[in-house]
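S.K.: Here is a sequence together with a model predicted from it:
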Amino acid sequence: GHAKPPRSYRSCVSSDSHRGAREQEKSPPGRRRLRAMANTTDPLARSIHGTNPQNLVETITRAKIYDMPYWKEKCFGVSAETLVDLATDLRCFGGIHGGNNKATDFLCLTLKMLQIQPEREIVVEFIKNEDYKYVRALGAFYLRLTCAPLEIYQYLEPLLNDSRKLRYNSPQGKFSVRHVDEFVYDLLSKDYVCDIALPRIPHRQVLETAGQIEPRRSSLEDEPDADTDVQDAERDPDDDKKRRARETSGEPGESQPEKRLKA
């Protein structure tokens, strides 16, 4: 028969084959390719603020999002159309939370939007959606990250009149009650929201002074004056009748200018 290879050679081949099998089982090429596809920005996406849109989320935060089961199971192969269904299922918002530093579903969908870069019309529809408050919050957050200052003020300021409650998942992993207008105010005034650094925008007063934006009108200015309504309601109708009677008959009580004209 044939001579057997040296024992050392057999052991090397055996160990190498076992190691390769373990590596293939642990991370097969197909799975690696799928993971790379899931974490890659759409090649047709435009750069935002001079960079890859995903770079608006810090590297460490992105890595935590990529590790989330929600990202791997729900966000793979998501299009702008299917994104709406995921957004309507949101039940809270927040960034990184808990002792294990997990990313919220809200943060996962934010990164997915940066990846696939939905059309502006879709983002605006998110913001104008009055049925699903977390869809509105998601659209507002994405627009704040990606758009120019004038568009940010144009689309977000009307949301300051939305006082609906939101569930906020804090960094400590505890839930608290926030409101849509609070969240939008943070987007317009703070540097960090949901563990993402917001691109800097000029203060509104600067844009007003430059004539680029109209002074903001509060919704309260459009409401009728409550004091005037109360005064009108309390006025005695008989007083109006007596005043009109004096004006037509010239009886005492007419004004001094009217007396001089008659004289």
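M.R.: Great, that's in hand. Numbering: from 1, shown residues only.
S.K.: Any idea how many residues pack against the closest residue to residue 90 other than its chain neighbours?
M.R.: Counting by Cβ to Cβ, 6 or more residues apart in numbering, residue 90 lies nearest to residue 134, which is 3.7 Å off, once chain neighbours are set aside. The C-beta positions use only the backbone N, C-alpha and C, and glycine is treated the same way. Residue 134: 22 surrounding residues under other Cβ atoms under 10 Å.
S.K.: and residue 134, what helix or strand is that in?
M.R.: Using DSSP states H and E, residue 134 falls within helix 133-146.
S.K.: List the buried residues for that helix?
M.R.: 133-146 (16 or more other Cβ atoms under 10 Å).
S.K.: Quick one: the strands in the stretch 51-200 of the chain, in order.
M.R.: 93-94, 96-97, 102-103, 165-169, 175-179, 192-193, 196-197 (DSSP state E, counting those that start in this stretch).
S.K.: which secondary structure elements does the third one contact?
M.R.: Just to be clear, that refers to strand 102-103. helix 59-66, strand 96-97 (3 or more Cβ pairs under 8 Å, 6 or more residues apart in numbering; DSSP states H and E).
S.K.: hey, which of these is tucked in deepest?
M.R.: strand 96-97 (a mean of 21; mean count of other Cβ atoms under 10 Å).
S.K.: That strand pairs with which strands, and in what direction?
M.R.: Applying DSSP bridges, strand 96-97 is found paired with strand 102-103 (antiparallel).
S.K.: give the contact list for the closest residue in space to residue 170 that isn't next to it in sequence.
M.R.: Spatial nearest neighbour of residue 170, excluding adjacent residues (Cβ to Cβ, 6+ apart): residue 176 at 6.0 Å. Neighbouring residues of residue 176 by Cβ atoms under 8 Å, 6 or more residues apart in numbering: 167, 168, 170.
S.K.: in this structure, which spans are helices?
M.R.: In the chain, the helices defined using DSSP state H lie at 7-26, 29-38, 59-66, 69-74, 80-88, 105-116, 120-128, 133-146, 149-156, 180-189, 204-209, 226-234, 237-249, 256-262.
S.K.: ok, of those helices, where does mean pLDDT dip lowest?
M.R.: Per-stretch averages of pLDDT across the helices of the chain put helix 7-26 at the bottom, with a mean of 43.
S.K.: Count residues in the vicinity of the residue nearest to residue 160 when sequence neighbours are not counted, would you?
M.R.: Closest residue in space to residue 160, ignoring its immediate chain neighbours: residue 181 at 4.9 Å, by Cβ to Cβ, 6+ apart. Neighbours of residue 181 under the rule other Cβ under 10 Å: 15.
S.K.: isn't residue 181 right up against residue 163?
M.R.: Yes: Residue 181 is in contact with residue 163 according to Cβ atoms under 8 Å; the separation is 5.6 Å.
S.K.: mind listing what residue 140 touches?
M.R.: Contacts of residue 140 (Cβ under 8 Å, 6+ apart): 126, 127, 155, 156, 159, 183, 184, 187.
S.K.: now the residues you listed in TSV, with neighbour count?
M.R.: Output for these, formatted as TSV (neighbours: other Cβ atoms under 10 Å):
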residue	neighbour count
126	24
127	20
155	19
156	21
159	20
183	22
184	24
187	21
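S.K.: what's the closest of those to residue 50?
M.R.: Taking Cβ to Cβ as the measure, residue 50 lies nearest residue 187 of these, at 21.0 Å.
S.K.: ok, the closest one to residue 40 distance?
M.R.: In this view, residue 187 and residue 40 are 27 Å apart by Cβ to Cβ, to the nearest Å.
S.K.: Now do residue 198 against residue 174, distance only.
M.R.: With Cβ to Cβ as the criterion, residue 198 and residue 174 are 24 Å apart.
S.K.: do residue 68 as well
M.R.: Separation of residue 68 from residue 174 (Cβ to Cβ) stands at 19 Å.
S.K.: between the two, who's got more neighbours?
M.R.: More crowded of residue 68 and residue 174, by other Cβ under 10 Å: residue 68, with 18 against 10.
S.K.: dump the residue contacts of that one.
M.R.: Contacts of residue 68 by Cβ under 8 Å, 6+ apart are 102, 103, 108.
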